[in-house]
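Peer 1: My questions concern the predicted model and sequence given below.
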Amino acid sequence: MTQAQGTTGRLLADRYRLGEVLGKGGMGTVWRAVDETLGRTVAVKELRFPGNVDDDEKRRLITRTLREAKATARIRANGAVTVFDVVEEDRRPWIVMELVEGRSLSDAIRADGPLPPRRAAEVGLAVLDVLRAAHREGILHRDVKPSNVLIADDGRVVLTDFGIAQVEGDPSVTSTGMLVGAPSYISPERARGQKPGPPSDLWSLGALLYAVVEGRPPYDKGSAIATLTAVMTEPVDPPKVTGPLADAIHGLLIKDPVKRLDEPGVRELLKEAVNAPEAPDAEETRMMAIPADPQPTPTDARPLSFQQEKMLGALRALTNAATAKSDPEPKLKPVAVTSPFSPTRTSGFPPARAPLSDVVPRRTLVIVVTVVVLAVLGAIIGTAFAADRAVSGQRPGASHASGMPDDRVADLLQHVQTGQPTGHEHVS
Ligand SMILES: Nc1ncnc2c1ncn2[C@@H]1O[C@H](COP(=O)(O)OP(=O)(O)OP(=O)(O)O)[C@@H](O)[C@H]1O
Ligand SMILES: [Mg+2]
C-alpha cells in the first residue's frame, strides 16, 4: 500500500479507499484503490455523465451500467477484466474491478510505436477469445479500441470497459439515442444506426489490429462526422503488413457485415500469423558475416606509383604475417554487430573469419603497421647504404638524386615482403 492509498483517500461504500488516478476517459475516471474488507488492491471506475443528460436518462444509464456489469461478470475468459462489484454513490455508478498493472495498448503504441506482426496477432487472438466468450453470452462489447485493451506487465492481454456494452434482448434498457464509442473504431452498420451484432465488434477488432501495426487507426479525419462518413463510404488505405495478418485485417474491415470475416475465419488467420516466422528486428544484436572490404570508389582510386604499390604490398604482407602468427588455426571469430537494416535471416551464416581489422580498429592497425614498416625500412636502407658505401667508397646520396635507384628500393621492399634475400644482397 502506498502513502497515497493510506487512510487519507476517499472511502467509497465504506469499503474501497481511493488512491491515485490511473487514467481518465470520455466516460469517467479510473482510480487505484484498496478494498479494505479483503485487503487487496483494485481499480475503480467512476462513471460521469455528459452534462446534457437529464435525470431520467441518468437513471437509465445507471440501471444499464449495473445490468451490464452483472452481464460482464458472466464472461469466462482469461482476457476479460474481472468485475468485482458495482456501487452507487453520489448518484453515480462506480465499477470495482481487477487492477491490471501495466499500461493500455494505446499508451504502448504511443510510447514504443507499432507492434511487430506476431505480437499484434497474439493481442488480436486474446481479444478475439474474450469477444467469443461475450458473444456466446449474448453480450456485445461495442467499444473495442486500443485504450480498452490493457497489457499487463507479465504480457497478459486484458479487454476492459464493457461499460457501454448492451445485453441483447434486455427490454428494461431503452436506447439513449446516443452513439457511444470511438468513431475510428465504430463499424459502418453502427454508424448508419443499424442494429449491431457480433460482426460489429469484429470490425472494431480489425480497426484495432490496423492501428496496432500502423500506429494510426484506419479512419481518422479529424472530426467525428467526417470520420464516420469515411467509415461508411471510403475504402481503407492498405496496411503495410502482408501475409495472414493483412488478410485478417482486410477481411474484418469489409463494410458489409454479412460478407465480413467471421470469428473462426479470423482465428485461423491470426493463428497462422502467430506461427509465421518473424522478420528479424532491425535493432536486434546478432552474429553475421563481415562484408568484404569495400571496393574503392572512383574518387578514391588515384593511380599509385610503383614505389607506393610496393610499399602497400609490404604493408599487406606484414598484416598477413601478423594475423597468421596470432591465429595459426583459422577459426570462426564471432563478431557481435547491431545492424541498421533487416537482412533476411538465413539458416546458417557462412563461417566467416573476422579479419584482424575487425578486432583492432582499422586506423590503429594501419598506423601500427606503417610505423613497423618504416622502422624496418629504415634499418634495411641504413644497412644497404652502409654496404653500398663499403662497395663503392662513395658518400650516401652521391650515386642518385633520391639516394637509391628505384629498382633497389623495390628489391628491398620485396625482401621485407617475402623474407627472401634480394638479388642485390646476393650480388653484394
Ligand atoms: N482495470 C484497470 N486496471 C488498470 N488500469 C486501468 C484499468 N481500467 C482502466 N485503466 C486505465 O485507465 C485509463 C482510462 O480508462 P478509461 O476507460 O476511463 O478511458 P479510455 O479507455 O481512455 O476512454 P473511454 O472512456 O472511451 O473508454 C486507461 O487507459 C487505463 O490506462
Ligand atoms: Mg476505457
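Peer 2: Perfect, I can see it now. Numbering: from 1, shown residues only. Ligands and ions are numbered 1, 2, ... in the order given.
Peer 1: where along the stretch 1-150 of the chain do the strands fall?
Peer 2: Taking DSSP state E, counting those that start in this stretch to define them, one finds strands in the stretch 1-150 of the chain at 11-12, 16-25, 28-35, 40-47, 83-89, 92-98, 102-104, 139-140, 149-152.
Peer 1: near ligand 2 at all, stretch 144-159?
Peer 2: Yes: with Cβ under 5 Å from the ion as the measure, stretch 144-159 is seen reaching ligand 2 through Asn148. In this view, the C-beta of every residue, glycine as well, is placed from N, C-alpha and C.
Peer 1: picking up where we left off before, quick one: closest of the strands of the stretch 1-150 of the chain to Pro199.
Peer 2: When the strands of the stretch 1-150 of the chain are compared by Cβ to Cβ, strand 139-140 sits nearest Pro199, at 10.1 Å.
Peer 1: Kindly tell me how buried the residue in the chain that ligand 1 sits nearest to is, as a neighbour count.
Peer 2: The minimum distance from the chain to ligand 1, using Cβ to the nearest ligand atom, falls at Gly25 (2.0 Å). With neighbours defined by other Cβ atoms under 10 Å, the count for Gly25 comes to 16.
Peer 1: Over to Tyr16?
Peer 2: For Tyr16, using other Cβ under 10 Å, the count is 24.
Peer 1: and it, what is it in contact with?
Peer 2: For Tyr16, the contacting residues are 33-36, 42, 44, 87, 94, 96, by Cβ atoms under 8 Å, 6 or more residues apart in numbering.
Peer 1: Distance of it relative to Val44?
Peer 2: Going from Tyr16 to Val44 by Cβ to Cβ, to the nearest Å gives 6 Å.
Peer 1: okay, and the common contacts of those two?
Peer 2: 33, 94, 96.
Peer 1: Can you tell me which residues in the stretch 101-250 of the chain are near ligand 1?
Peer 2: 104, 147-148, 150, 160-161 (Cβ under 6 Å from any ligand atom).
Peer 1: Could you point out which of these is nearest to Glu234?
Peer 2: Looking across these and measuring by Cβ to Cβ, the closest to Glu234 is Ser147, at 23.7 Å.
Peer 1: what number of residues lie near the residue nearest to the closest one when sequence neighbours are not counted?
Peer 2: Distances taken as Cβ to Cβ, 6 or more residues apart in numbering place Ser106 nearest to Ser147, at 4.2 Å, with adjacent residues excluded. Per other Cβ under 10 Å, the neighbour tally for Ser106 reads 16.
Peer 1: one step back: just so I know, which of the strands of the stretch 1-150 of the chain lies nearest Pro196?
Peer 2: When the strands of the stretch 1-150 of the chain are compared (using Cβ to Cβ), the closest one is strand 139-140, at 6.2 Å.
Peer 1: what lines up beside that closest one in the sheet?
Peer 2: If you go by DSSP bridges, strand 139-140 pairs up with strand 166-167 (antiparallel).
Peer 1: pLDDT averaged over the strand it pairs with - what is it?
Peer 2: What strand 166-167 shows for mean pLDDT is 52.
Peer 1: Past it, which element shows up next along the chain?
Peer 2: Next along the chain after strand 166-167, taking DSSP states H and E as the criterion, comes helix 188-191.
Peer 1: and the helix or strand following that following helix with ligand 2, contact?
Peer 2: With elements assigned by DSSP H and E, the helix or strand that comes after helix 188-191 is helix 198-214. No: Helix 198-214 stays out of contact with ligand 2 when judged by Cβ under 5 Å from the ion, the minimum separation being 12.8 Å.
Peer 1: helices or strands up against helix 198-214?
Peer 2: The elements that helix 198-214 packs onto, with contact taken as 3 or more Cβ pairs under 8 Å, 6 or more residues apart in numbering; DSSP states H and E, are helix 105-112, helix 117-136, strand 139-140, helix 188-191, helix 243-252, helix 263-275.
Peer 1: again, only this time at 6 Å
Peer 2: Using 3 or more Cβ pairs under 6 Å, 6 or more residues apart in numbering; DSSP states H and E, the elements in contact with helix 198-214 are helix 117-136, helix 243-252.
Peer 1: now Gly102, which residues is it bridged with?
Peer 2: Ala152.
Peer 1: So it sits against Asp153, correct?
Peer 2: Yes: here Gly102 reaches Asp153: they are 4.8 Å apart, a contact under Cβ atoms under 6 Å.
Peer 1: Looking at those two, which has the bigger crowd around it?
Peer 2: Gly102 (17 against 9).
Peer 1: residue contacts, that one?
Peer 2: Taking Cβ atoms under 6 Å, 6 or more residues apart in numbering, we find Gly102 in contact with 150-153.
Peer 1: now Arg267
Peer 2: Leu128.
Peer 1: re earlier: surely the residue nearest to Ser147 touches Lys145?
Peer 2: No: between Ser106 and Lys145 there is no contact under Cβ under 6 Å: 7.5 Å.
Peer 1: which bits of the stretch 301-428 of the chain sit near ligand 2?
Peer 2: So the stretch 301-428 of the chain never meets ligand 2 (Cβ under 5 Å from the ion).
Peer 1: Tell me where the stretch 301-428 of the chain is predicted with low confidence.
Peer 2: Within the stretch 301-428 of the chain, the stretches with pLDDT under 70 are 301-373, 375-428.
Peer 1: For the strands of the stretch 1-150 of the chain, give me a markdown table that also has mean pLDDT and distance to Gly206.
Peer 2: Below are the strands of the stretch 1-150 of the chain laid out as a markdown table (pLDDT from 0 to 100; distance: least, Cβ to Cβ, whole Å):
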| stretch | mean pLDDT | distance to Gly206 |
| --- | --- | --- |
| strand 11-12 | 96 | 38 |
| strand 16-25 | 94 | 22 |
| strand 28-35 | 94 | 26 |
| strand 40-47 | 93 | 26 |
| strand 83-89 | 89 | 26 |
| strand 92-98 | 90 | 26 |
| strand 102-104 | 95 | 19 |
| strand 139-140 | 88 | 15 |
| strand 149-152 | 97 | 14 |
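Peer 1: Which one, of those, ends up nearest to Ala276?
Peer 2: strand 149-152 (21.3 Å).
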